[in-house]
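>>> Here is the input, now give the coordinates:
(chains A, B and C)
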Amino acid sequence: MAVELIKERKTVAMTGNQAIAEAMRQINYDVVAAYPISPQTELMGFFAEYLANGLVDTEFVTVESEHSAMSAVIGAAASGARAMTATAAQGLLYMYENLPIASNWRLPITMVLVNRALSAPLNIHCDHGDAMTARDSGWIQLFSENSQEAYHNLIMAVKIAEKALLPTIVNMEGYIVSHTIGNVNLLTDKEVQEFIGESDWRKNVPHPLLDTDNPVTYGATALPDYYTELKYQQHEATFEAKKYVKEVLAEFNELAGTNYDIIEPYKLEDADFAIVVMGSTAGVARTAADILREQGIKAGVLKIRLFRPFPVEEIVDALKHLKAVAVLDRHDSMNALASPLFQDLAASMYHLPEKPLLHDFIYGLGGREVTVEDMLKAFNRVINLYTGKETRNRFVEYLQVRE
Amino acid sequence: MAISLDQGTIEIRWHGRGGQGTVTAAKMFASVAVKRGYHGQSIPMFGLERSGTPVAVYSRVSKEPIMRNDPVRHPHIVVITDPSVMVYLAASRGGKLPESIPDPREGITDETIFIINTPMSPEEAKKILGLEGKPNKVCTVDATKIALEEIGRNVPNTAILGAMAKILPEVVDMETVKEELEESFGASSKLRALIPANLKAMERGYNEVKCA
Amino acid sequence: MKLKGWKELPIGGVVTEPGNSREVETGTWRIARPIVNPEKCTDCLICWVFCPDDSIPSNGKIRFETELYHCKGCGICAVECPYKAIEMVQEADVILEELKLIDKK
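Numbers count the residues shown, from 1 in each chain, chains lettered A, B, ... in the order given. I've put the predicted structure just below:
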């Protein structure tokens, strides 16, 4: 480590971007490649300051586009380096060509996605549109509720990626997390280093390009005779990945005293109705559930931390006893039955003989502020659908649209 | 005249202008709260930050972890860092403010306390806010003047924090603000030299704030 | 300004009226107001050329009064004026002065 800065644990006030930059410093990546895009720009600015002050040993590649950023970290990771990038919205879409390559090559890259709405119309604020486009890319995806979780998720992501040999995205919502200041408990530099383990180019990937004694070729063609087998190898790895995520979360909980899980139920044991949500809205949803409980309605919330691989069994187990579930999607999967989280949930429950009523709400698009009233509206709508007071024409509706 | 965290989470709404340090003030406030061992939160804004734009910034402070991050609707404290808000209010004669300025009276309750950077007396400010006869406490301090006199620049943040130390002593105090300044100014000797002046401004903010 | 509903918006979010930024009030961003001294002003229109917000109306011959609904108070006009005819005055002071005048009446 270049410089040991934090020798004792401490609690500080930090934005999501500051917390991620701090985690990046403590991780001390071998290679970071990035191209600026709001709201990620500030995050790389903080990191660049650490770099300029000699606090990290990282090779920071200031590339000319996101496509090159992803190409650079793929090259770095294939060489055996611990590599990272960060982007948002159209930046991710510009990288997209390379995302399935990183995952099929089984490169443990970590990426922070500072979630931002996709153009058009142009908008720099938050929704999950960017993350959702990557849902079939083979990358693991974690969601963060606040800056504390973003900080922890990135540290865990390094280990998850290297254990599962799959690239991992840490989602952190733009502005509402990236620029909101909150309490962050920082681990010591030593604790982070010990947790993730020293970066060793010989061990980070099975076939490092730097190993000149055992030269390999990445990027070979697989024709119809081999393509299926190489995809199946990856397919199996994604099903294995959940186990590694759970292991790393358990190890981390032991270290940091946190209580993280791949899904996080709130008052669900005896609940009749629930909201399922990812990211920063979870706290607002829990506030609404508490209000309904005061009125005698048994409400709960399920927060999903691990979106990919989708934790089917755990989610079914947490929700199967409910009467009705409001699924909150911060993205519109245009032309589909409903939005991604709903699709995954509905498919997960299809085999159950008795299942809760599911209804999908699209919310918080392009940074539309999310209030407790919005959450109550979603709860009340599913309660009324369940009791038959209201009916529906579609499985999906916009929660906040102005008529 | 102080309020306490024993009653639960305290919610604050700041009224300022983009590029004039309101976000920095809210950030300092959250940071000081965390240093005092509480849970602090500041949500910069939900719009585009452009220099000069009137903005609202939200803060929360609590003894318990803060769950929600929605905009503050019914603030316990309204802090107006931009003195022109009061001028616009005066010019509106109790009517509506221009649409582009967030109204500091929105969502207030009888308990809402105002801390205002203005040369006006608290009585005058209370009248302009249309709160005459209401139980609300309205406090004023000429933080801009204090900043110009002590620091030599229009950075009223520390003087406003001084006034807040009087209303919310549990959270804001001289020693912690000093610690915060030392940390955030620490890297630059030019900025470090401004710490004593900032502390003087804070002390004056504390002593000169008047409430009605 | 009443926000439009989804049915009222043109397809593609296109802007159908050119120059609609005229409707956005940016005058409240101003902390200093340009005050023109008519005795020094020669209507040379240098300020009209430099104003980044098109807030100085003119018919090509005469400088009309600054359009305060849009003027952000950047002060470029005051710097560029070759006759030093424009002074930047604190906005709050101007408003308070105006209020006093109204009260007197």
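>>> Could you check which residue of chain C lies nearest chain B?
Nearest to chain B, among the residues of chain C, is C:W29, at 3.3 Å (CB to the nearest CB). Quick note: C-beta positions are derived from backbone N, CA and C, even for glycine.
>>> Do I have it right that A:E145 meets A:G283?
Yes. Under the criterion of CB atoms under 8 Å, A:E145 makes contact with A:G283 at 6.5 Å.
>>> Would you agree A:S348 is in contact with A:V316?
Yes. A:S348 is within contact range of A:V316, at 5.3 Å (criterion: CB under 8 Å).
>>> out of those two, which sits in the busier spot?
A:S348 (19 against 16; other CB atoms under 10 Å in any protein chain shown).
>>> if I look at the closest residue to that one other than its chain neighbours, how far off is A:A318?
For A:S348, ignoring the flanking residues on the chain, the nearest one in space by CB to CB, 6 or more residues apart in numbering or on different chains is A:V312 at 4.6 Å. According to CB to CB, to the nearest Å, A:V312 and A:A318 sit 11 Å apart.
>>> ok, those two, which is more surrounded?
Under the neighbour definition other CB under 10 Å, A:V312 and A:A318 were set side by side, and A:A318 has more, 21 against 14.
>>> Where does the more buried one fall, secondary structure wise?
Secondary structure from DSSP states H and E places A:A318 in helix A:312-319.
>>> And that helix, what does it pack against?
Applying 3 or more CB pairs under 8 Å, 6 or more residues apart in numbering or on different chains; DSSP states H and E, one finds that helix A:312-319 makes contact with strand A:263-266, strand A:273-277, strand A:299-304, helix A:340-349.
>>> Tabulate the ones you listed (TSV), appending mean pLDDT and distance to B:N117.
Formatted as TSV, the helices and strands packed on helix A:312-319 follow (pLDDT from 0 to 100; distance: least, CB to CB, whole Å):
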stretch	mean pLDDT	distance to B:N117
strand A:263-266	98	41
strand A:273-277	98	39
strand A:299-304	98	40
helix A:340-349	97	45
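>>> Can you report how many residues neighbour the spatially closest residue to C:E80 that is not a sequence neighbour?
Spatial nearest neighbour of C:E80, chain neighbours left out: C:F50 (4.6 Å); criterion: CB to CB, 6+ apart. Look at C:F50: counted by other CB under 10 Å, it has 14 neighbours.
>>> now A:E247
14.
>>> thought it was touching A:M156?
No. Using CB under 8 Å, A:E247 is not in contact with A:M156; the gap is 10.3 Å.
>>> ranges for the helices of chain A?
A:16-27, A:41-52, A:66-79, A:89-95, A:99-104, A:129-133, A:147-164, A:189-196, A:227-256, A:282-294, A:312-319, A:340-349, A:372-387 (DSSP state H).
>>> which one of those lies closest to B:V141?
Ranking the helices of chain A by distance to B:V141, with CB to CB as the measure, places helix A:16-27 first at 30.0 Å.
>>> And stretch A:351-364, end to end?
Across its full length, stretch A:351-364 reaches 31 Å end to end, with CA to CA, to the nearest Å as the criterion.
>>> now stretch A:134-153
One end of stretch A:134-153 to the other measures 18 Å (CA to CA).
>>> The worst-scoring helix or strand of chain C on mean pLDDT and chain B in contact?
Lowest by mean pLDDT, DSSP states H and E among the helices and strands of chain C is helix C:91-104, with a mean of 84. Yes. Using CB under 8 Å from any CB of the partner chain, helix C:91-104 comes into contact with chain B via C:91-92, C:95-96, C:98-99.
>>> would a markdown table of these with neighbour count be doable?
Shown next, in a markdown table, are these (neighbours: other CB atoms under 10 Å in any protein chain shown):
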| residue | neighbour count |
| --- | --- |
| C:E91 | 21 |
| C:A92 | 23 |
| C:I95 | 16 |
| C:L96 | 16 |
| C:E98 | 11 |
| C:L99 | 14 |
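>>> Give me the secondary structure label for the residue nearest the centre of chain B.
In chain B, the residue lying closest to the centroid (CA atoms, centre = their mean) is B:V79, at 3.6 Å. Under DSSP: H, G, I helix; E, B strand; the rest coil, the three-state class of B:V79 is strand.
>>> Touching, the residue nearest to C:E80 and C:A78? I think so.
No. Applying CB under 8 Å as the test, C:F50 and C:A78 come out as separate, 10.1 Å apart.
>>> Look up the closest residue to B:Y206, ignoring the ones flanking it.
Spatial nearest neighbour of B:Y206, excluding adjacent residues (CB to CB, 6+ apart): B:G162 at 4.0 Å.
>>> er, A:F342 actually
With CB to CB, 6+ apart, the residue lying closest to A:F342 is A:D360, at 3.7 Å.
>>> ok, how many other residues are close to residue 180?
Because you didn't say which chain, this covers chain A. 22.
>>> not quite, I wanted chain B
Residues lying near B:E180 (other CB under 10 Å) number 20.
>>> Please identify which helix or strand holds it.
helix B:174-185.
>>> Next one, pLDDT for residue 37 please.
Defaulting to chain A. Looking at A:I37, its pLDDT is 97.
>>> nope, chain C please
C:N37 is given a pLDDT of 96.
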